[in-house]
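Asker: what follows is a predicted protein model with its sequence.
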Amino acid sequence: MLFNSHVFIFLFLPLCLLGYGIAGRTLGGRAAMAFLALASLGFYGWWNPVYVPLIVGVMTANYLVGTWLGRLHERGGLGGRLLLTAGIVGNLAMLCWFKYANFLIDSVRATTGADLPLLEVVLPLGISFFTFQKIAYLVDSYRGLTRGYGFVDYSLFVLFFPQLIAGPIVHHKEVVPQFERADGRITAADLSVGLTIFAIGLFKKAILADGIAPDANHLFGSVHEGGQPQLVASWIGALAYTLQLYFDFSGYSDMAIGLSRMFGICMPANFDSPYKAVNIVEFWRRWHMTLSRFLRDYLYVALGGNRKGPVRRYANLVTTMLLGGLWHGAGWTFVFWGLLHGGYLCVNHAWRHVTAGMAWASSAWIRPAYQGVTLLAVIVGWVFFRAASFADATAVLTGMVGVHGLGLPARFEPLVTRYAPMVPVSYDPVGAKVASLAWIVVLGAIALFAPNTQEIMARATPVLDMPTRTTRLRWSRSLPWAAATGGLALIGLLSLGRVSEFLYFQF
């Protein structure tokens, strides 16, 4: 069941709000939380009921292991470490079976020529997200940080439908105390804030992301069929995907945060205008923020972080990002994408070290150059992220540097013929379109210069750990804002003519 589907918006969500409110008013907050956990389980089972026993079994096993780890923490000794190791290995084994088994088999087939059959395994939705979530819970239980939560609160921590499929990857200390305090009542304030954020996210997904998607799909589909795109068409497709992914994930994050707020639950920020970043370190602090936090706290720090010298630090960065790339997808292009970003981070840290104390390196005039280089590096990375193979990525990148010709939009041919007839220019009647270029300029301006949802909604504290930046465009509970929200929601709803999954659902 998709957030951007009629069955979710007009059936599941209203019934869920109604049931939650009735349970809270008649039976109290505990009953409301239990209802919400069961409703979330139904939300997950809508996709494929076969995997409901899987998520329930894994959730229960992790709860029992976490409870045991908490008790062992008080005693100390080796037993806790062994149990923690077993719990982490069990979670990772499940993830590897469903997500990476066929990838490993296919890799062995490609390198050895062995005729090995692929497994008939369907990837359960959200398995990457809730696996990381449960591993973090086990680690914190081992450290004595989980305070012996009740099973209902833990179940809702895992199953809560706004974040179940594609995050944010919430930390138990952020949401479980909110579940414990919740009285099950829906307030007008929370509902208005949540609906506004949800409407903004729906507009981003249905209009902005899905609107630019055909240009990205055209490029990567054509190269997969053996096409050699020219320069303009390559840049249109690469930029289109860069913006599609931006607004798709930004829209999803807004919708997840808005849905949570309708029930009075405040989620952590997950997306903070990452294309405004002036270096790759800042980019990862703004893009998929909860994943970056998990990789930092539970992988990079566990590997030693920056505590064992610069060489070890760079090795830890590359290892962390390599595993982060593999987490995104079972394919060598994802592995390379992770390695590429690991290399970016190493270069970034080395640059900071080399230029430390140099006034020009931190002056305002050089910031646009930093931002441009960072964005270019990200775009190159997204080509590998989107491409089905290295050959496809190479075709796009060589097209982006003009190896296959310039390929101006065909509409420019009369102008060039008239005013510069001696210039050798080729024309691409299919791949390079003026309308696509205009749409990219508009979306690029929004991503680079417009305030984001958290900044617009700052008065309502839409997320935990609110950024300190401000903007003149500030939401308020007023008639003009209600009309604007209704307009965005209506435009988004009228565009839901076909099924369009969020891009991060495949991870």
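Answerer: Looks like it came in fine.

Asker: C-alpha from now on. contacts and neighbour counts both.
Answerer: Noted.

Asker: where does pLDDT dip in the stretch 51-200 of the chain?
Answerer: Scanning the stretch 51-200 of the chain for pLDDT under 70 picks out 74-77.

Asker: how about the helices of it, start to end?
Answerer: 52-75, 78-95, 101-112, 127-142, 151-159, 161-164, 172-181, 188-203 (DSSP state H, counting those that start in this stretch).

Asker: and of these, who's closest to Gly304?
Answerer: helix 127-142 (16.0 Å; CA to CA).

Asker: which strands and helices sit next to the closest one?
Answerer: Helix 127-142 is packed against helix 52-75, helix 78-95, helix 151-159, with contacts defined by 3 or more CA pairs under 8 Å, 6 or more residues apart in numbering; DSSP states H and E.

Asker: could you check the angle helix 127-142 makes with the longest one?
Answerer: Here the directions of helix 52-75 and helix 127-142 differ by 20 degrees (axes from the mean of the first three to the mean of the last three CA atoms, to 10 degrees).

Asker: what is helix 52-75 packed up against?
Answerer: Packed next to helix 52-75, using 3+ CA pairs under 8 Å, 6+ apart, are helix 29-47, helix 78-95, helix 127-142, helix 151-159.

Asker: end to end on stretch 359-377, go ahead and measure it.
Answerer: Using CA to CA, to the nearest Å, the end-to-end distance of stretch 359-377 comes to 24 Å.

Asker: what residues sit buried inside it?
Answerer: Across stretch 359-377, burial judged by 16 or more other CA atoms under 10 Å covers 361, 370-372, 374-375, 377.

Asker: could you do stretch 435-442 as well?
Answerer: 436-437, 439-440.

Asker: return the closest of those residues with respect to Ser273.
Answerer: Ile440 (16.6 Å).

Asker: so that closest one is in which element?
Answerer: For Ile440, the host element (DSSP states H and E) is helix 434-449.

Asker: name the residues that touch that helix?
Answerer: 208, 212, 215, 236, 239-240, 243, 273, 275-276, 409, 411 (CA atoms under 8 Å, 6 or more residues apart in numbering).

Asker: one more: stretch 62-74?
Answerer: With CA under 8 Å, 6+ apart, stretch 62-74 has contacts from 79-80, 83-84, 87, 134, 137-138, 141-148, 151, 154.

Asker: re earlier: what's the most buried one of the helices and strands packed on helix 127-142?
Answerer: helix 151-159 (a mean of 22; mean count of other CA atoms under 10 Å).

Asker: tell me the angle that helix makes with helix 52-75.
Answerer: Going by the same axes, to 10 degrees, helix 151-159 makes 120 degrees with helix 52-75.

Asker: return helix 151-159 as PDB; C-alpha atoms alone will do.
Answerer: What follows is helix 151-159, C-alpha atoms only, in PDB (Å, rounded to 0.1, in the frame of the first residue of the first chain):
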ATOM      1  CA  PHE A 151       6.200  -5.300  24.100                       C
ATOM      2  CA  VAL A 152       3.500  -3.000  22.700                       C
ATOM      3  CA  ASP A 153       5.800   0.000  22.600                       C
ATOM      4  CA  TYR A 154       8.600  -2.000  21.000                       C
ATOM      5  CA  SER A 155       6.200  -3.500  18.400                       C
ATOM      6  CA  LEU A 156       5.000  -0.100  17.400                       C
ATOM      7  CA  PHE A 157       8.600   1.100  17.300                       C
ATOM      8  CA  VAL A 158       9.300  -1.600  14.600                       C
ATOM      9  CA  LEU A 159       5.900  -1.600  12.900                       C
END
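
Asker: just the helices in the stretch 401-507 of the chain please.
Answerer: Using DSSP H, counting those that start in this stretch, helices in the stretch 401-507 of the chain cover 413-419, 434-449, 453-456, 479-494.

Asker: please identify the most buried of those helices.
Answerer: helix 453-456 (a mean of 22).

Asker: so what touches it?
Answerer: Residues contacting helix 453-456 (CA under 8 Å, 6+ apart): 197, 200, 254, 272, 461-463, 466-467, 469-471, 473-475.

Asker: can you pick the most crowded of the residues you listed?
Answerer: Asp254 (29 neighbours; other CA atoms under 10 Å).

Asker: which non-adjacent residue is nearest that residue?
Answerer: Gly201 (4.8 Å; CA to CA, 6 or more residues apart in numbering).
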